[in-house]
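In: My questions concern the predicted model and sequence given below.
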Amino acid sequence: MTNVVKKHSISSELAQKMVNEAMAKARELGVSENVAILDDGGNLKAFSRMDGASIPTIEIEQNKAYTAA
C-alpha cells in the first residue's frame, strides 16, 4: 500500500485576488505598498508594486512573505 499525501496550493486566481484586496486596503489607509503572495513552497505566485511604493522594498516584501510561508 502506498501512502499518498494530498497537498493543497493557492491558485493563481486566488493569489491575484489577495493582491487586489491588499492593495485596496493600502489605498484605504493612504499608503503605497508592495504586495507579495507565495505558494506553499515559498515561491512567488503573485506580486504588485503600487505607484509610489519604494523600489528597495520589493525584495524586502518578498523575503517577508517567504518568512511567513
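Out: All right, it came through fine.

In: and residue 59, which of the three is it?
Out: Here residue 59 is recorded as helix under DSSP: H, G, I helix; E, B strand; the rest coil.

In: Relative to residue 17, how far out is it?
Out: The gap separating residue 59 from residue 17 is 24 Å, by C-beta to C-beta, to the nearest Å. C-beta coordinates here come from the backbone N, C-alpha and C atoms, glycine included.

In: From residue 48, how far out is the residue most central in space within the chain?
Out: Nearest residue to the geometric centre of the chain (C-alpha atoms, centre = their mean): residue 37, 1.4 Å. Computed as C-beta to C-beta, the residue 37 to residue 48 distance reads 9 Å.

In: Which residues are in contact with each of those two?
Out: residue 19 (C-beta atoms under 8 Å, 6 or more residues apart in numbering).

In: Tell me the buried residues in the lowest-mean-pLDDT helix or strand in the chain?
Out: Every helix and strand of the chain was ranked by mean pLDDT, DSSP states H and E. The lowest is helix 57-68, at a mean of 78. Residues of helix 57-68 classed as buried by neighbour count (16 or more other C-beta atoms under 10 Å): 61-62, 65.

In: Residue 22 - how many residues pack around it?
Out: 18 (other C-beta atoms under 10 Å).

In: So which other helices or strands are in contact with the longest helix seen in the chain?
Out: Secondary structure of the chain per DSSP state H: the longest helix is helix 12-29. Judged by 3 or more C-beta pairs under 8 Å, 6 or more residues apart in numbering; DSSP states H and E, the packing partners of helix 12-29 are strand 34-38, strand 44-49.

In: Residue 46 reaches residue 18, doesn't it?
Out: Yes: applying C-beta atoms under 8 Å, one finds residue 46 in contact with residue 18, separated by 7.0 Å.

In: which secondary structure elements does the least confident helix or strand of the chain contact?
Out: Secondary elements touching helix 57-68 (3+ C-beta pairs under 8 Å, 6+ apart): strand 34-38, strand 44-49.
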